[in-house]
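Chemist: Output the structure for:
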Amino acid sequence: MTSHYAAIIADLPAKPILIGHSFGGMIAEKLLGQDLAAAAIAIDAAQIKGVLPLPLSSLRSTLPVFRNPANKHLAVSLTAEQFRYSFGNAIDPGESDTLYERWTIPAPGRPLFEAAAANFSLHSPAKVNTTIDNRGPLLLIMGGQDHTVPEAITKATLKQYRHSHAVSDLIEFPDRGHSLIIVGPLRTLVRAGRAESTSAVAAIFLGCQPTEPSGAPSQRHCVASCALRNADCGRRWLRVRAGEPWRAVLRRLGPLARWGSGGGNGWISVS
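Modeler: Numbers count the residues shown, from 1 in each chain. Presented below is the predicted three-dimensional model:
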C-alpha cells in the first residue's frame with residue numbers, strides 16, 4: 001500500500017503534505033521516513049514497529065478481526081455495536097449509529113495482523129524510519145478517548161522519534177475518540193484555535209517553493225512549523241496567540257498562505 005502512494009508522489013511536481021488516519025497515519029509516517037513528503041500529519045495513527053504498549057481497549061477493538069485467524073486473508077465488517085466501542089465511544093450512541101450507516105465498509109484484516117506481529121518481524125511492513133534527520137515535520141494527533149489507538153500508543157509512537165533532530169509534535173483532543181475525523185474535525189480545530197489555554201500548542205505547516213528570479217527553486221521545499229511554546233526547531237516561526245480567532249491567523253499569514261497554495265501545499269492545525 002505504501003509503495004502505491006509512493007508511486008503517486010513520484011509524479012507530483014513537489015513533495016506533498018500527507019494527512020492520514022489510523023493505518024493511513026502509519027502510511028504517512030512511513031512515507032515521511034522515506035523523505036517523500038514535505039510534512040505529515042498522522043491522526044490516531046496505527047501502532048508502528050517498536051511501540052510496545054497494548055491497552056485492553058485496543059485489544060477489544062481489534063477482537064472482531066483477531067478472533068478468526070482466517071481474517072488475515074479476508075475483508076472484515078464491524079457490527080454497529082462493535083463500531084460504537086471502537087469508533088463512536090466518545091459521541092452519542094445515535095450519532096455513532098448514523099456514522100456507522102454512512103461510512104463503514106468491510107476492510108482487509110491483513111494490516112492488523114501485520115501490525116500485531118511487527119515487533120517480532122525483522123522486515124515488518126509497520127517499520128518506520130524514525131531516526132531520519134532531514135525529513136519534514138511530523139504532527140501526531142490523538143483522541144484522548146480513543147479505544148482503538150489509545151493515547152498510550154500515540155505517546156509511545158512519539159518517543160520512537162526521540163533520536164531524530166527533525167520536528168515531531170503531538171496534539172491531543174481529550175474528548176475525541178477514533179471517529180475524530182468524521183465528527184467535524186474542522187469545527188474542532190477552529191474551537192481549539194479560539195481557546196484560552198496557556199498550554200495550547202499551535203502547529204502550522206506551510207508548504208512553499210521559493211524561487212530565484214530565474215524561476216529555479218532556491219531550495220527543494222520549505223516547511224514552517226510553529227508552536228505557541230516557541231521552541232526553536234531551526235525553522236521559520238509564526239507566533240499564534242492563545243484565543244486568537246482562526247480568521248485572524250489566516251489574515252496574518254497573508255502572502256505566505258497564498259504563496260503556499262500556489263507553489264506547494266498548506267495545512268494548519270491549532271490546539
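Chemist: Which strands and helices lie in contact with the helix or strand residue 142 falls within?
Modeler: Per DSSP states H and E, residue 142 falls inside strand 138-143. Packing partners of strand 138-143 (3 or more Cβ pairs under 8 Å, 6 or more residues apart in numbering; DSSP states H and E): helix 23-33, strand 39-43, helix 151-159, strand 168-173. Using the backbone N, CA and C atoms, a C-beta is placed for each residue, glycine as well.
Chemist: how is the protein carved up into domains?
Modeler: Described in terms of automatic domain parsing, the domain architecture of the chain consists of the residue ranges 1-183, 185-271.
Chemist: can you tell me which of those domains the model trusts least?
Modeler: Taking each of the domains of the chain in turn, the lowest mean pLDDT turns up on domain 185-271, with a mean of 37.
Chemist: quick one: buried residues of the strand holding residue 142?
Modeler: When neighbours are counted by 16 or more other Cβ atoms under 10 Å, the buried residues of strand 138-143 are found to be 138-143.
Chemist: Out of those residues, which is nearest to residue 71?
Modeler: Using Cβ to Cβ, residue 143 is the member of these that lies nearest residue 71, at 25.3 Å.
Chemist: Nearest residue to the closest one in space, ignoring adjacent ones along the chain?
Modeler: residue 176 (3.4 Å; Cβ to Cβ, 6 or more residues apart in numbering).
Chemist: Need phi/psi at that neighbour.
Modeler: According to degrees, to the nearest 10, the main-chain angles of residue 176 amount to phi -110, psi 150.
Chemist: how deep is it tucked in, by neighbour count?
Modeler: A total of 22 residues lie near residue 176 under the criterion other Cβ atoms under 10 Å.
Chemist: again, but for residue 148
Modeler: By other Cβ under 10 Å, neighbour count at residue 148 equals 22.
Chemist: Doesn't it belong to a strand?
Modeler: No: applying DSSP: H, G, I helix; E, B strand; the rest coil, one finds residue 148 to be coil, outside a strand.
Chemist: ok, now how distant is it from residue 38?
Modeler: Look at residue 148 and residue 38: by Cβ to Cβ, to the nearest Å, they are 28 Å apart.
Chemist: Could you do residue 83 as well?
Modeler: Distance, residue 83 to residue 38, using Cβ to Cβ: 34 Å.
Chemist: who's more crowded, these two?
Modeler: For residue 83 versus residue 38, neighbours defined as other Cβ under 10 Å are more numerous around residue 38 (26 against 23).
Chemist: Name the nearest residue to the more buried one, sequence neighbours excluded.
Modeler: Spatial nearest neighbour of residue 38, chain neighbours left out: residue 15 (4.2 Å); criterion: Cβ to Cβ, 6+ apart.
Chemist: Can you classify the one you found as helix, strand or coil?
Modeler: Classified using three-state DSSP, residue 15 is coil.
Chemist: repeat for the one 5 residues further on
Modeler: Using three-state DSSP, the structure places residue 20 in strand.
Chemist: can you tell me the helix or strand for residue 129?
Modeler: Using DSSP H and E, residue 129 maps to neither a helix nor a strand.
Chemist: gap between the residue nearest to it when sequence neighbours are not counted and residue 79?
Modeler: Closest residue in space to residue 129, ignoring its immediate chain neighbours: residue 33 at 3.4 Å, by Cβ to Cβ, 6+ apart. When Cβ to Cβ is applied, the distance between residue 33 and residue 79 equals 35 Å.
Chemist: These two: who's more crowded?
Modeler: When residue 33 is set against residue 79 and neighbours are counted by other Cβ under 10 Å, the residue ahead is residue 33, at 23 against 11.
Chemist: what separates the more buried one from residue 126, distance-wise?
Modeler: The spacing between residue 33 and residue 126, counted by Cβ to Cβ, is 12 Å.
Chemist: just residue 10 next, same as before
Modeler: 23 Å.
Chemist: In terms of neighbours, single out the busier of the two.
Modeler: Legend: neighbour count by other Cβ under 10 Å for residue 10 and residue 126, higher for residue 126 (22 against 8).
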